[in-house]
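In: just coords:
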């Protein structure tokens, strides 16, 4: 699906759509508040007509940091196992949002799963 700023919303998970905002060409798709606002609306996190006047450079920096953490967790998990410290950081970020917050947990067989 083509979207503004070459944003993708076809990865099957919002977290993977965020990961897809980097890499390839152009390498950086969250270049400023307008692109982040477009991503938030495109991902369905806010209505398309929602005023996002508060989205600024700090938001962009925080989303880029979250994206870097997600990239590390996804890539490390594909290679074997994400670091427990990275999962703790991810869960801490999730807990900062409105409840109920999903957390990444290990199942008995070592796979990652979502839990409340």
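Out: Yes, it's here. Since we're looking at a predicted model, the values are computed, not measured. Numbers count the residues shown, from 1 in each chain.
In: And the strands in this protein, which stretches?
Out: Assigned by DSSP state E, the strands in the chain fall at 103-106, 112-115.
In: could I get the ones you listed as JSON lines with mean pLDDT?
Out: Formatted as JSON lines, the strands of the chain follow (pLDDT from 0 to 100):
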{"stretch": "strand 103-106", "mean pLDDT": "91"}
{"stretch": "strand 112-115", "mean pLDDT": "89"}
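In: Quick one: closest of those strands to residue 14.
Out: strand 112-115 (12.0 Å; CB to CB). For every residue, glycine as well, the C-beta is placed using N, CA and C.
In: For that closest one, which strands pair with it and how are they oriented?
Out: strand 103-106 (antiparallel) (DSSP bridges).
In: What are the contacting residues of the partner strand?
Out: For strand 103-106, the surrounding residues in contact (CB atoms under 8 Å, 6 or more residues apart in numbering) are 73, 87, 90-91, 94-95, 112-116.
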